[in-house]
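>>> Kindly return the folded structure for what I paste below:
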Amino acid sequence: WDSLICQVPTDHQMVTVRFAPPDLPHIGKGRWSWPAGLITDTTLVKRTIDLGMTLQDTLETLTPRSEDHNPQIAWLSFKTSINQVAKDVAKTHLCKINQRIRTLSKDLRRIANAPDIDTSE
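Numbering: from 1, shown residues only. Presented below is the predicted three-dimensional model:
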């Protein structure tokens with residue numbers, strides 16, 4: 001159960017319930033995907049381009065192919081690196097967004113509970 005401030009102007013609060021029967025199968029966390037807002041982040045794009053240039057140099061100088069040194073391993077390393085960079089950037093963006101949401105919710109609660117507000121409308 002949770003009680004939240006409703007976005008529609010009212011004197012009520014919205015009540016939410018999360019219903020999860022105990023006999024349902026477990027659903028894992030799934031696969032991670034880039035948040036759409038990160039595609040336009042210039043810092044992330046520059047870091048991805050730098051990692052791509054490093055991958056390109058690695059592929060061009062990769063002459064003796066072996067189990068440990070081949071294009072597939074280099075590509076896997078590149079994908080892992082850019083995913084980690086994207087997760088780090090997403091974490092900083094989400095921290096800023098969550099802080100803004102907390103501030104606005106705090107202001108909304110303060111205003112809604114203010115004793116000098118006229119509720120006779």
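>>> Is Ile5 bridged to anything, and to what?
Beta-bridge pairing of Ile5 under DSSP bridges involves Gln13.
>>> Count the residues that sit near it.
14 (other C-beta atoms under 10 Å). Quick note: C-beta positions are derived from backbone N, CA and C, even for glycine.
>>> Ala86 too?
Look at Ala86: counted by other C-beta under 10 Å, it has 20 neighbours.
>>> One more: Val89?
19.
>>> Without its sequence neighbours, what residue ends up closest to it?
Closest residue to Val89 apart from its sequence neighbours, by C-beta to C-beta, 6 or more residues apart in numbering: Leu44 at 4.8 Å.
>>> Work out for me the element that neighbour sits within.
Per DSSP states H and E: Leu44 is located in helix 42-60.
>>> now for that helix, which elements pack on it?
helix 71-112 (3 or more C-beta pairs under 8 Å, 6 or more residues apart in numbering; DSSP states H and E).
>>> got the buried residues for stretch 81-99?
For stretch 81-99, a neighbour-count test (16 or more other C-beta atoms under 10 Å) marks 81-82, 85-86, 89-90 as buried.
>>> Please apply the same query to stretch 46-56.
Going by neighbour count (16+ other C-beta under 10 Å), the buried part of stretch 46-56 is 47-48, 51, 55.
>>> How about residues contacting the helix holding Leu44?
38, 71, 74-75, 77-78, 81-82, 85-86, 89 (C-beta atoms under 8 Å, 6 or more residues apart in numbering).
>>> What is the lowest-pLDDT residue among the residues you listed?
Sorting the contacts of helix 42-60 by pLDDT puts Leu38 at the bottom of the list (86).
>>> correct me, but it touches Val85?
No: contact criterion C-beta atoms under 8 Å: Leu38 and Val85 do not qualify, at 9.9 Å.
>>> Tell me, what's the model's pLDDT at the most centrally placed residue in the chain?
Residue closest to the mean C-alpha point of the chain, counted by C-alpha atoms, centre = their mean, is Ala90 at 5.0 Å. Here, the pLDDT recorded for Ala90 equals 89.
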